[in-house]
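Fold the following and give me the result.
(2 chains)
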Number of protein chains: 2
Amino acid sequence: MLKSLSIALIHYPVVDRNGAVITSSVTNLDLHDIARSARTFGVKRYFVVHPSDDEQALNRRIIRHWQSEFALGVHPTRKPAVSLISLEKDFDSVLATIESEEGKPLVVATSARKHPTKSILESEIKTKREEQPVLILFGTGYGLHESWLDRIDAFLPPISGADDYNHLSVRSAVAIYLDRLIH
Amino acid sequence: MLKSLSIALIHYPVVDRNGAVITSSVTNLDLHDIARSARTFGVKRYFVVHPSDDEQALNRRIIRHWQSEFALGVHPTRKPAVSLISLEKDFDSVLATIESEEGKPLVVATSARKHPTKSILESEIKTKREEQPVLILFGTGYGLHESWLDRIDAFLPPISGADDYNHLSVRSAVAIYLDRLIH
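Model (predicted):
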């Protein structure tokens, strides 16, 4: 019996294109596109991590909309997806939620280059899940700030394409990594 | 030397959740999320197929925006992606464009079930590209209308997940299929 796979979309601290620390906004599509990928590939929880109360209140409204009777009539496939979303103010709350149910998770991030010492392959994640739950972090904006480094146990390889252009949306990157992790 | 891989996002005729024929709208994110996936995985052209002149005029404005000096300063990675987009009014124009350069393409679609006679695996696409260009169709809304059947040479298998829930966004589905086709 494998332990769970969860994902977290991180909005702070992330960097902009100049490397400056920013708090990014949540977009409606980041909520339900990624939730639909999570539901398709058997992810246990999709944590949306943002420090702002106002932003989280808006996210809660959007999620409640997709769970309403009205929305169920129009888009019946969205409720089971957005029901996986947990809104969290910081990373400690994410860890506490997972730890209280299944113990300490292996925290995995994706990286632009192969990491010299902490790299892990998609195929190794399943073996790890025999022992502990796995949490994959995805940074918005131009990626996670370096202050995350101490909290990350391992890095998945970057998604390489036809040449050195690699600027997938976070929605596309999540879909591809989950497909690779499950198959 | 392989012949090209192209993709087409089809907005008519597609079906809604009740199976009725509709023309769907283009969304801004369908343009640039999918264009970024196309650029990453070496797709030659990303055809956005929509019959409405007004809709295509709006698409043209959005694409020109991402190609402008101003947008290049803010999001420098989007121009090389959206530059792959060809706006076409109908499928015959898509075919004519490909045929004029590389000959008749193999027209491939994705399907909810394994097709009894016309199925093709991701791994077979590369072999096919030794002989002819390949064009992958993606339907918006709830998928391509059955009138497309005569125009499709082969079907890729559906993306299966953890159970029978399979309601990925078209943006996520394109990203996953391209990752599978290139690797």
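
Pull out the buried residues from stretch A:38-51.
Neighbour counts over stretch A:38-51 (16 or more other CB atoms under 10 Å in any protein chain shown) mark A:38-50 as buried. In this view, the C-beta of every residue, glycine as well, is placed from N, C-alpha and C.

Export the residues you listed to CSV and append columns for secondary structure.
Listed next are those as CSV, based on DSSP: H, G, I helix; E, B strand; the rest coil:
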residue, secondary structure
A:Ala38, helix
A:Arg39, helix
A:Thr40, helix
A:Phe41, coil
A:Gly42, coil
A:Val43, coil
A:Lys44, coil
A:Arg45, coil
A:Tyr46, strand
A:Phe47, strand
A:Val48, strand
A:Val49, strand
A:His50, coil
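
In those residues, find the pair that's most separated.
The two members of the buried residues of stretch A:38-51 with the most space between them (CB to CB) are A:Gly42 and A:His50, at 24.6 Å.

Show residues contacting the helix or strand of chain A with the lowest mean pLDDT.
Least confident helix or strand of chain A, by mean pLDDT, DSSP states H and E, is helix A:69-74 with a mean of 87. The contact list for helix A:69-74 (CB atoms under 8 Å, 6 or more residues apart in numbering or on different chains) reads A:65, A:78-79.

again, only this time at 10 Å
Residues from elsewhere that reach helix A:69-74 (CB atoms under 10 Å, 6 or more residues apart in numbering or on different chains): A:64-66, A:68, A:78-79, A:82, B:17.

So which of those residues are in strands?
Per DSSP state E, strands hold no members of these.

What's the ChimeraX syntax to select whichever of the residues you listed are buried?
Buried subset of those, written as a ChimeraX selection, criterion 16+ other CB under 10 Å:
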select /A:66,78,79,82
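
Go through the contacts of helix A:69-74 and say which is closest to B:Val174.
Nearest member of the contacts of helix A:69-74 to B:Val174, counting by CB to CB, is A:Arg78, at 19.4 Å.

Would you confirm that the closest one contacts A:Leu84?
No: checked against CB atoms under 10 Å, the pair A:Arg78 and A:Leu84 is beyond contact range at 11.1 Å.

and the residue nearest to A:Arg60 when sequence neighbours are not counted, bridged to which residues?
Leaving out its chain neighbours, the residue that sits closest to A:Arg60 by CB to CB, 6 or more residues apart in numbering or on different chains is A:Leu87, at 6.3 Å. For A:Leu87, the beta-bridge partners under DSSP bridges are A:Val48.

CA-only coordinates of the helix or strand that contains A:Asn59 in PDB, if you can.
Counting by DSSP states H and E, the element that carries A:Asn59 is helix A:53-67. Presented in PDB, the C-alpha positions along helix A:53-67 are these (Å, rounded to 0.1, in the frame of the first residue of the first chain):
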ATOM      1  CA  ASP A  53      -6.400  36.400   3.900                       C
ATOM      2  CA  ASP A  54      -8.100  38.400   1.100                       C
ATOM      3  CA  GLU A  55      -6.600  36.200  -1.600                       C
ATOM      4  CA  GLN A  56      -7.700  33.000   0.200                       C
ATOM      5  CA  ALA A  57     -11.200  34.400   0.800                       C
ATOM      6  CA  LEU A  58     -11.500  34.800  -3.000                       C
ATOM      7  CA  ASN A  59     -10.200  31.300  -3.600                       C
ATOM      8  CA  ARG A  60     -12.700  29.900  -1.100                       C
ATOM      9  CA  ARG A  61     -15.500  31.700  -3.000                       C
ATOM     10  CA  ILE A  62     -14.300  30.300  -6.400                       C
ATOM     11  CA  ILE A  63     -14.100  26.800  -4.900                       C
ATOM     12  CA  ARG A  64     -17.500  27.000  -3.300                       C
ATOM     13  CA  HIS A  65     -18.900  28.200  -6.700                       C
ATOM     14  CA  TRP A  66     -17.700  25.000  -8.400                       C
ATOM     15  CA  GLN A  67     -19.200  22.900  -5.500                       C
END
